[in-house]
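Q: What follows is a predicted protein model with its sequence.
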Amino acid sequence: MQPMPCMYCQEDLIPLSISQRQVHYDQHLNVGNEHVVEGSPTKPIVIDDNSLETSPTKSKKRSDSATASSRKNGHKKIMMFPCQRETDDFWYPAQATTPPPSFTPGLIYVLKKGIAKGHTKGLIRKAALCYGDAVHVSRESWDANWGCGYRNFLMACAGLMSQTGQPLYFPLLDSPLPPSIRNLQQWIESAWKEGYDPEGKQELKKLINTTKWIGTADLWVAFTFRGIPAELVDFNYESKGQAKASELVIDWVVNYFTPNSPSSKPSNAFESMKMTPIAMTDKMPLILQHNGHSRTVVGYEIDKNGATNLLVFDPSFRPDSTIRNAALAEFAASGQQASSTLTATSSLKRKRSVVSVQDENVQDGNSSAKRTTSTSKPLTPPKDAGQKGKGKAREGQEMDTFRLVKKFRLDPKSLSKKKQYQILYFPMTAPLTDYEKGQKKQVRSTKIS
């Protein structure tokens, strides 16, 4: 009998009845299921935890925070099917291996093209984007209901382990346990044992091999424990209105991503010609948390009317094959350009990868989790990958990059729906000393008002 693979996970559905197949697909589509099965690393447990602490100079309990309240109101019961195998992969751009299906590098370069197209049409005034090798990491079926915080963590690590401004970050993140979803849970519990975040320990109690939600404060604990400088910023304007909160979040993000310059105005025509409306910066992406969800912010754009949109990588968004192949082509092209000028000076010997743009060459999302160290010759893109073709047939296949940008926008109206936000960002200073780590065992944040 011919197998009947699930369109999402490739599990053979032949042994299941019609009703069981429907329940199977409902689980992929997040249709409510009230059945609970006792938990294990790959079996379901009740989700009733999501960590976020907003600790200003005066101590504030996690139970008072926006995300803590979402835990109380967002109690969910889910059922995990055998098909939802954990594929706890991690990948970063400096690896000479093909990215797993949930990792998409190159999207920053695609966004740059789309914004440039909008600027040419007079629709976009200016924009700024983060570090070009930022990676989008999407949730999979096995962590679809709880994985946003973990996936944002993987996006942060992918950038931090590929940047060269602070090369010592790499060994701090890579050893003794490299980044992954399950390893992050071990990082946090190890931090608790060393005296970090006693409030979080008391609230979450156990994290390893669970599906408990985590927030930016928990990520701050993990990064600080590993010696990576990180900062938290709180925006809480319940008494001043939601529009005020969103406005200040946007202003803060714009200031973060806007390149420093001695003067905002060109002094002569030559300098004016050198100025670009789209700034590619070396800033690391930041993580934006609100009640119930978190996203990675990779830049901003200002439209023709002066409205500012944040540009975000949302873990719940999974790029289709057209978008992903375009991004991989841009990533491969950027790697080839970089390899023509870089010299092998890194003592860490991290190699910038060049990947294939064909999704067929990407490993199956259901394969077992592996951290590969392949030394095989990097794959190169076809000569016409990402290039504009000739003729009507090719024109019909061209992706409208400006329309694509819409999928990554977070506009002021959407931001104004929440009253509390917290940002986690990386100042990119020297790794923390043991003394500095000892001074950061209590979670603290800066309040913006």
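A: Structure's in. What do you need?

Q: Give me the buried positions along the lengthiest helix in the chain.
A: In terms of residue count, the longest helix belonging to the chain (DSSP state H) is helix 321-339. Residues of helix 321-339 classed as buried by neighbour count (16 or more other Cβ atoms under 10 Å): 323-335. No exception for glycine: its C-beta is placed from N, CA and C like everyone else's.

Q: those helices in the stretch 301-449 of the chain, which residues are they?
A: Secondary structure of the stretch 301-449 of the chain (DSSP state H, counting those that start in this stretch): helices located at 321-339, 391-397, 401-405, 412-415, 434-438.

Q: ok, back up a step: closest to residue 209 out of the buried residues of helix 321-339?
A: residue 324 (30.4 Å; Cβ to Cβ).

Q: My guess is that closest one contacts residue 104. True?
A: Yes: at 5.2 Å, residue 324 counts as touching residue 104 under the criterion of Cβ atoms under 8 Å.

Q: So what's the residue count around residue 305?
A: 7 (other Cβ atoms under 10 Å).

Q: likewise residue 171?
A: 13.

Q: Show the pLDDT at it.
A: We have a pLDDT of 98 for residue 171.

Q: Residue 276 too?
A: In this prediction residue 276 is given a pLDDT of 77.

Q: swap in residue 18?
A: 68.

Q: now residue 428
A: 98.

Q: Same check on residue 216?
A: So residue 216 comes in at 98 (pLDDT).

Q: How many residues are close by residue 173?
A: 22.

Q: Who are the contact partners of residue 191?
A: The neighbours of residue 191, taking Cβ atoms under 8 Å, 6 or more residues apart in numbering as the test, are 197, 221, 222, 224, 225.

Q: need the contact list for the nearest residue to the second one once chain neighbours are set aside.
A: Spatial nearest neighbour of residue 221, chain neighbours left out: residue 197 (4.6 Å); criterion: Cβ to Cβ, 6 or more residues apart in numbering. Residue 197 makes contact with 53, 191, 217, 218, 221, 441, 442, 443 under the criterion Cβ under 8 Å, 6+ apart.

Q: would you list these in a markdown table and tack on distance to residue 307?
A: Formatted as a markdown table, the contacts of residue 197 follow (distance: Cβ to Cβ, whole Å):
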| residue | distance to residue 307 |
| --- | --- |
| 53 | 32 |
| 191 | 40 |
| 217 | 30 |
| 218 | 33 |
| 221 | 36 |
| 441 | 41 |
| 442 | 39 |
| 443 | 34 |
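
Q: Quick one: buried ones out of those?
A: For these, buried by 16+ other Cβ under 10 Å: 53, 191, 217, 218, 221, 441, 443.

Q: Name the strands paired with the one helix or strand residue 289 maps to and say parallel or antiparallel.
A: Using DSSP states H and E, residue 289 sits in strand 286-290. Partners of strand 286-290 in the sheet, by DSSP bridges, are strand 293-303 (antiparallel), strand 420-425 (antiparallel).

Q: I'd like those as TSV, with distance to residue 141, mean neighbour count and mean pLDDT appended.
A: Putting these into TSV (distance: least, Cβ to Cβ, whole Å; neighbours: other Cβ atoms under 10 Å; pLDDT from 0 to 100) gives the following:
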stretch	distance to residue 141	mean neighbour count	mean pLDDT
strand 293-303	18	23	98
strand 420-425	26	24	96
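
Q: Out of those, which gets nearest to residue 98?
A: Nearest of these (Cβ to Cβ): strand 293-303, 21.9 Å.

Q: low-scoring stretches of the stretch 151-300 of the chain, by residue?
A: 238-243, 261-275 (pLDDT under 70).

Q: which residues in it form helices?
A: Under DSSP H, counting those that start in this stretch, the stretch 151-300 of the chain gives helices at 169-174, 181-193, 198-204, 216-225, 242-257, 269-274.

Q: Out of the ones you listed, which one sits most buried?
A: Stretch with highest mean neighbour count among the helices of the stretch 151-300 of the chain: helix 216-225 (a mean of 26; mean count of other Cβ atoms under 10 Å).

Q: Tell me which residues are up against that one.
A: With Cβ under 8 Å, 6+ apart as the criterion, helix 216-225 contacts 51-55, 62, 65, 149, 152-153, 156, 184, 187-188, 190-191, 194, 196-197, 200, 204, 229-232, 287, 289, 294, 422-424, 426, 432, 437, 440, 443, 445.

Q: if we go to 7 Å?
A: For helix 216-225, contacts defined as Cβ atoms under 7 Å, 6 or more residues apart in numbering pick out 51-53, 149, 153, 184, 187-188, 190-191, 194, 196-197, 200, 230, 232, 287, 289, 294, 422, 424, 432, 437, 440, 443.

Q: That helix to strand 286-290, inter-axis angle?
A: 150 degrees (axes from the mean of the first three to the mean of the last three Cα atoms, to 10 degrees).

Q: Return helix 216-225 as CSV; C-alpha atoms alone will do.
A: Extracted as CSV, the C-alpha positions of helix 216-225 are listed here (Å, rounded to 0.1, in the frame of the first residue of the first chain):
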residue,chain,number,x,y,z
THR,A,216,13.3,38.2,27.5
ALA,A,217,14.3,38.3,31.2
ASP,A,218,15.0,34.5,31.1
LEU,A,219,17.2,35.1,28.0
TRP,A,220,19.0,37.9,29.9
VAL,A,221,19.8,35.4,32.6
ALA,A,222,21.1,32.8,30.1
PHE,A,223,23.3,35.3,28.2
THR,A,224,24.6,36.9,31.4
PHE,A,225,25.4,33.5,32.9
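
Q: got the angle for that helix vs helix 181-193?
A: 80 degrees.

Q: Use 43 as the first number from now on
A: Sounds good: first residue 43 from here, last item helix 258-267.

Q: Look up the residues forming beta bridges with the closest residue to residue 160 other than its chain neighbours.
A: In space, and not counting its chain neighbours, residue 160 is closest to residue 166: 3.8 Å by Cβ to Cβ, 6+ apart. Judged by DSSP bridges, the bridge partners of residue 166 are residue 345.

Q: wait, residue 166 sits on residue 158?
A: No: applying Cβ atoms under 7 Å, one finds residue 166 not in contact with residue 158, separated by 8.3 Å.

Q: of the two, who's got more company?
A: residue 166 (22 against 17).
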